[in-house]
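Colleague: here's my sequence, what's the structure:
(chains A and B)
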Amino acid sequence: MSDINSKVVAIIVDKLGVEESEVNAEASFTNDLGADSLDTVELIMEFEKEFNIAIPDDQAENIQTVGDAVTYITENAK
Amino acid sequence: MELKRVVVTGLGALTPIGNTVEEYWTGLISGKSGAAQIQQFDASKFKTNFACEVKNFNVTDHIDRKEARKLDQFSQYAMVSATEAMADSGLDTAECNKDRIGVIWGSGIGGLKTFQDEAQNFFSGDGTPRFNPFFIPKMIADIAAGHISIKYGLRGPNYVTVSACASSTNAIIDAFNLIRLGKADAIVTGGSEAAVNEMGMGGFNALKALSTRNDSPETASRPFDKDRDGFVLGEGSGALILEDYDHAMKRGAKIYAELVGGGMSGDAYHMTAPHPEGIGARNVMLSALEDANMDATEIDYVNVHGTSTPLGDIAETKAIKSVFGEHAYNLNISSTKSMTGHLLGAAGAIEAIACILAVKNDIVPPTINHVTDDPEIDNKLNFTFNEAQKRTVNAALSNTFGFGGHNTSAIFKKFKG
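Modeller: Next up is the predicted model:
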């Protein structure tokens, strides 16, 4: 869990150019972290690559916060 | 309808010989070469391993890291020179009618590195498509104009012209025409290019277009010299603020020069070779003179396309003699590509700036690296070899020609109110 969490946070900090302190579980990519729709697509792709998983589009739509991402990856990572 | 006058009120430059307009001009008149061994990738196996790269450039000094990541290098270069030009012009976007300020940019290729990276990523994988969502909007050549408009909220005419090495002169001429017709108060124009990468160098090498003087990069770009062996690839950006004369006067703007004419023509001859008699080059200079309602004898300086290729330099010289007749011998002629290399779609923009500053400062930048006269080129013409020359420059003409036979000329004149 903590390993997944720290990797997710690192990806978000890198891709969205935000401070690590802003990236808490409740933070929404679009409302709190300044992501637009293309940024969100790129984040999902990075999660797929980092954790070697495939996130279907209908599932990706439900990943809107940092916590959503960590939960999804924890449940689906191989 | 009466056409409006168009003046130049701001300049920006990011070039292989200087990262601001001031540094660029100092480089030009001191005869500085921007050529050196390629730093951006390992070119040791390439036929040509040198180029004129932008130096000491750190993008995050200019653009927020998150934004910079979404911009191909050619757009990053565009943003930097456009920002310098906007600041230089003193245009206050809070005061102006932003619906009447446009952006017309030029790029020959667009985001070649972005294309290279995405293709490499896909074809080295297992066939699963994992393309970055920014791939297309980073790569497309028009995006530079979009980014500049977004930064300043400019909602006037907005597009990019693509005509290979003539691209940014086409952009300047389009901007000129729209302002003349009263369709905009001001336009941010110019061009940018960033093709010093594996695909760019490999592609131009395959065409046998590039100099292969690997043992002496700084003397490789030698237009009109007997031993010239091709052009030196350059990269960077140039930006101009063109403005309706009345609009500029009303806000008390500093005026560099007046843009008085633009010419365009096609060679209709060959994909990459110029017409051997320079017919397209002749026609385009005549068309620019006619547009400016000027006699050929009123031109003092011609900044030639002069890429340092065996055929191109001869054809352009023939065209100049045909257009200017006896006055050709009174002209100062120079190829600033001898210093900057060939910036492709940005060449017209940085060479327009060379002309504008020659007109403003009464100094003609040189054609460096001249060693041996070419018997096929009339050496009684004054090519401003090796050293800048002081002379009164009332009007300067800039030529740019692109693969495909696209020819453009623009004429800048000393501003008199």
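Colleague: roughly how far does the residue nearest the centre of chain B sit from B:Ile136?
Modeller: By C-alpha atoms, centre = their mean, chain B has its centre lying nearest to B:Ala347, at 2.1 Å. B:Ala347 sits 26 Å away from B:Ile136, going by C-beta to C-beta, to the nearest Å. For every residue, glycine as well, the C-beta is placed using N, CA and C.
Colleague: distance between stretch B:405-417 and the chain's centre?
Modeller: Averaging C-alpha positions (C-alpha atoms, centre = their mean, to the nearest Å) puts stretch B:405-417 13 Å from its chain's average.
Colleague: averaged pLDDT, it. What do you get?
Modeller: Averaged across stretch B:405-417, the pLDDT comes to 96.
Colleague: list the contacts for the closest residue to B:Gly266 other than its chain neighbours?
Modeller: In space, B:Gly266 comes closest to B:Gly405 once its chain neighbours are excluded; the distance is 5.1 Å by C-beta to C-beta, 6 or more residues apart in numbering or on different chains. Under the criterion of C-beta atoms under 8 Å, 6 or more residues apart in numbering or on different chains, the neighbours of B:Gly405 are B:Gly266, B:Asp267, B:Ala268, B:Tyr269, B:His270, B:Pro274, B:His275, B:Gly280.
Colleague: how about the residues of chain A by chain B?
Modeller: Within chain A, the positions near chain B by C-beta under 8 Å from any C-beta of the partner chain are A:Lys15, A:Leu16, A:Gly17, A:Gly34, A:Leu38, A:Val41, A:Glu42, A:Met45, A:Glu48, A:Lys49.
Colleague: state the next helix or strand along the chain beyond the helix or strand the first one falls within.
Modeller: Under the criterion of DSSP states H and E, A:Lys15 resides in helix A:2-16. Scanning forward in sequence from helix A:2-16 by DSSP H and E, the next helix or strand is helix A:37-51.
Colleague: centre of the chain to that next one, how far?
Modeller: Centroid separation for helix A:37-51 versus its chain: 7 Å, with C-alpha atoms, centre = their mean.
Colleague: restricting to C-alpha, output the helix or strand just after that helix in CSV.
Modeller: Next helix or strand after helix A:37-51 toward the C-terminus (DSSP H and E): helix A:57-60. Provided in CSV are the C-alpha atoms of helix A:57-60 (Å, rounded to 0.1, in the frame of the first residue of the first chain):
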residue,chain,number,x,y,z
ASP,A,57,-11.9,3.5,-20.1
ASP,A,58,-15.1,2.9,-18.1
GLN,A,59,-13.0,2.3,-15.0
ALA,A,60,-10.6,5.2,-15.7
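Colleague: next structured bit after helix A:57-60?
Modeller: helix A:66-76.
Colleague: now that next one: buried residues?
Modeller: A:Val66, A:Gly67, A:Asp68, A:Ala69, A:Val70, A:Tyr72, A:Ile73 (16 or more other C-beta atoms under 10 Å in any protein chain shown).
Colleague: next: stretch B:111-119.
Modeller: Neighbour-count burial for stretch B:111-119 [16+ other C-beta under 10 Å]: B:Gly111, B:Leu112, B:Lys113, B:Thr114, B:Phe115, B:Gln116, B:Asp117, B:Glu118.
Colleague: centroid residue for chain A?
Modeller: A:Ala69 (4.6 Å).
Colleague: hmm, it is touching A:Asn62, no?
Modeller: No. With contact defined as C-beta atoms under 8 Å, A:Ala69 does not reach A:Asn62; the gap is 10.2 Å.
Colleague: mind listing what the closest residue to B:Asn214 other than its chain neighbours touches?
Modeller: In this structure, B:Asn214 finds its nearest non-sequential neighbour in B:Asn49, 5.4 Å apart by C-beta to C-beta, 6+ apart. When contacts are counted by C-beta under 8 Å, 6+ apart, B:Asn49 touches B:Gln37, B:Ile38, B:Ala43, B:Asn214.
Colleague: roughly how far apart are B:Asn49 and chain A?
Modeller: Computed with C-beta to the nearest C-beta, to the nearest Å, the distance linking B:Asn49 and chain A is 33 Å.
Colleague: now B:Lys321
Modeller: Distance from B:Lys321 to chain A, by C-beta to the nearest C-beta: 54 Å.
Colleague: list the contacts of that residue.
Modeller: Counting by C-beta under 8 Å, 6+ apart, B:Lys321 has contacts B:Ala328, B:Asp378, B:Leu381.
Colleague: make it 6 Å
Modeller: Counting by C-beta atoms under 6 Å, 6 or more residues apart in numbering or on different chains, B:Lys321 touches B:Ala328.
Colleague: which strands or helices does the helix or strand that contains B:Leu240 pack on?
Modeller: Using DSSP H and E, B:Leu240 sits in strand B:236-244. When contacts are defined as 3 or more C-beta pairs under 6 Å, 6 or more residues apart in numbering or on different chains; DSSP states H and E, strand B:236-244 packs onto strand B:6-14, helix B:73-89, helix B:167-180, strand B:186-193, helix B:347-361.
Colleague: what about dumping the CA coordinates of it to PDB?
Modeller: Extracted in PDB, the C-alpha atoms of strand B:236-244 (Å, rounded to 0.1, in the frame of the first residue of the first chain):
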ATOM      1  CA  GLY B 236      15.600  28.500 -33.100                       C
ATOM      2  CA  SER B 237      13.000  31.200 -33.400                       C
ATOM      3  CA  GLY B 238      12.300  34.700 -34.500                       C
ATOM      4  CA  ALA B 239       9.300  36.900 -33.600                       C
ATOM      5  CA  LEU B 240       8.000  40.200 -35.000                       C
ATOM      6  CA  ILE B 241       5.200  42.400 -33.800                       C
ATOM      7  CA  LEU B 242       3.600  44.000 -36.900                       C
ATOM      8  CA  GLU B 243       1.200  46.800 -36.200                       C
ATOM      9  CA  ASP B 244      -1.100  49.200 -38.000                       C
END
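Colleague: for chain B, what is the nearest residue in chain A?
Modeller: A:Gly17 (2.9 Å; C-beta to the nearest C-beta).
Colleague: quick one: neighbours of that residue, just the number.
Modeller: Counted with other C-beta atoms under 10 Å in any protein chain shown, the neighbours of A:Gly17 add up to 16.
Colleague: quick one: name the residues of the stretch 1-150 of chain B near chain A.
Modeller: B:Arg65, B:Lys66, B:Pro133 (C-beta under 6 Å from any C-beta of the partner chain).
Colleague: what's near enough to touch the last one?
Modeller: Looking back up the chat, that one is B:Pro133. A:Leu38, A:Val41, A:Glu42.
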